[in-house]
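Chemist: Return a 3D structure for these sequence lines:
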Amino acid sequence: MATFLFDKTIFGPIKSRRLGISLGVNLLPNDQKLCSFDCIYCECGWNPKERLTKPVIPTSDEVKELLEKQLLKMSDDGELPDVITFAGNGEPTLHPQFKKVIEDTIALRDKYCPKAKVAVLTNSTTSHRKDVVEALKMVDDNIMKLDGGTEEIIQAIDQPVGKFDIKETIEVLKQFNGDLIIQTLFMRGEFEGESVDNTSIEEVDAWIECVKEIHPRQVMIYSLDRDTPAQGLIKVEKDDLEKIATYSRTKLDDDILITVS
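Modeler: Residues are numbered from 1 along each chain as shown. Modelled structure (predicted):
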């Protein structure tokens with residue numbers, strides 16, 4: 001199926017299912033994916049098996065200049081964003097100047113659109129880095145991926161590049177003391193001849209136990225919405241997602257907001 005890359009550092013604004021009018025920031029190359037996961041459902045496709053050219057990423061100064069230019073334009077047009085979202089062609093926290101970029105973005109937000117939130121979509125793999133944690137604690141919505149509660153299902157769905165340990169990941173996420181959002185994509189299907197399904201009662205229960213430990217303020221659950229690089233993947237319909245949400249609410253504390261999109 002067709003996938004796509006974001007060909008600009010600043011993209012949008014777009015209407016996000018979960019975030020509203022979102023102005024996107026891609027801190028990664030505009031011509032190739034750069035990620036510590038290689039998710040079978042990623043809209044940006046696969047990580048390149050061989051890099052023909054060295055990845056070129058924008059400097060923090062370039063990001064600041066481009067973002068300010070776009071915010072000025074949106075201000076002139078009378079259409080300010082609800083959120084400035086760091087996403088793009090892979091894992092945004094891989095940017096070597098990530099903390100500086102976040103500091104600059106918050107200053108620009110405060111100047112041009114103080115009502116807007118700053119959000120980061122991250123796969124949680126770099127949250128052992130002090131600078132990344134400090135930056136994520138600055139933003140309004142640090143949205144951290146957790147696509148399952150077992151090592152096996154995360155390996156099957158997210159395909160981490162390099163070492164991954166779910167117990168270590170949970171401990172890292174606990175350092176946010178509940179001030180984070182967990183984002184989980186539920187899906188079914190097959191990949192490379194093997195069944196892939198994180199919606200079974202066993203998998204959902206294992207995921208719930210992880211969420212209990214992390215105790216985020218919110219959990220966002222969703223399913224496939226765009227083309228995927230892997231064939232044979234099946235979208236979980238809204239009714240089934242609502243059932244997972246309802247079941248989860250019976251197991252989790254009432255102060256954890258669970259939303260379905």
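Chemist: Y247 touches V204, doesn't it?
Modeler: Yes: using CB atoms under 8 Å, Y247 makes contact with V204 at a distance of 6.8 Å. Where C-beta positions appear, they are placed from N, C-alpha and C, glycine not excepted.
Chemist: so where do the strands sit in this structure?
Modeler: For the chain, strands defined by DSSP state E occupy the ranges 10-16, 20-26, 83-87, 117-122, 141-145, 181-185, 187-191, 194-195, 218-222, 233-235, 257-260.
Chemist: the inter-axis angle of the fourth one versus strand 141-145?
Modeler: Here strand 117-122 runs at an angle of 20 degrees relative to strand 141-145 (axes from the mean of the first three to the mean of the last three CA atoms, to 10 degrees).
Chemist: what's strand 117-122 packed up against?
Modeler: Strand 117-122 sits against strand 83-87, helix 98-112, helix 130-138, strand 141-145, with contacts defined as 3 or more CB pairs under 8 Å, 6 or more residues apart in numbering; DSSP states H and E.
Chemist: where's E213 relative to L19, distance?
Modeler: From E213 over to L19 the distance is 26 Å, taken as CB to CB, to the nearest Å.
Chemist: typo on my end, it should be V219
Modeler: Distance from V219 to L19, by CB to CB: 15 Å.
Chemist: Out of the helices and strands packed on strand 117-122, flag the one nearest D227.
Modeler: Closest approach to D227 among those is made by strand 83-87 (16.4 Å; CB to CB).
Chemist: Could you double-check that E190 lies in contact with D197?
Modeler: No: E190 lies out of contact with D197 (CB under 8 Å); the separation is 9.2 Å.
Chemist: could you list every residue that touches Q155?
Modeler: F164 (CB atoms under 8 Å, 6 or more residues apart in numbering).
Chemist: Equivalent analysis for N89, please.
Modeler: By CB under 8 Å, 6+ apart, the residues touching N89 are L5, F6, N26, L28, P29, N30, Q32, K33, L34, C35, C44.
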